[in-house]
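*Asks:* sequence and predicted structure below; questions after.
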Amino acid sequence: MLVHESSNKNKTKEINAALEIKKLDHQRFNVPGGYIQPNGYALKHPEYGYLGFKDRHLPYNPIGGKQALKEIVEAGGFTDFDDVIWLKPIK
């Protein structure tokens, strides 16, 4: 195993360990052409912001809601963050 691969795995574990399930109440996020104000639950990193995917540009809010996010967290989170973007709400 390369040292670079090992450090990426450690960073991935650190990020997964810090993810929290947060209720989306009144947060607004920039999107092309304006903003969105999603409802439900999303994963949030205390430093990076809300987890989203590059192809959607909004917080990841699965159909299974809070329970689906809980299962992701309990299973150890994501294997990598290559397709992830971090979103901060509009202030």
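*Replies:* Looks like it arrived, so ask away. Numbering: from 1, shown residues only.

*Asks:* the lengthiest helix in the chain packs against which elements?
*Replies:* Longest helix of the chain, by residue count under DSSP state H: helix 3-18. Contacts defined by 3 or more CB pairs under 8 Å, 6 or more residues apart in numbering; DSSP states H and E place helix 3-18 against no helix or strand at all. Bear in mind the C-beta positions are built from the backbone N, C-alpha and C, glycine included.

*Asks:* give me the contact list for that helix.
*Replies:* Residues outside helix 3-18 that contact it (CB atoms under 8 Å, 6 or more residues apart in numbering) are 45-48, 73, 76-81.

*Asks:* from those residues, pick the one nearest residue 54.
*Replies:* residue 81 (10.5 Å; CB to CB).

*Asks:* could you list the buried residues of the longest helix of the chain?
*Replies:* Buried residues in helix 3-18, counting neighbours by 16 or more other CB atoms under 10 Å, are found at 12, 15-16.

*Asks:* and it, how far from the chain's centre?
*Replies:* 15 Å (CA atoms, centre = their mean, to the nearest Å).

*Asks:* strand partners (parallel or antiparallel) of whichever helix or strand comes after it?
*Replies:* Using DSSP states H and E, the helix or strand that follows helix 3-18 in sequence is strand 20-24. Strand pairing for strand 20-24, determined by DSSP bridges: strand 40-45 (antiparallel).
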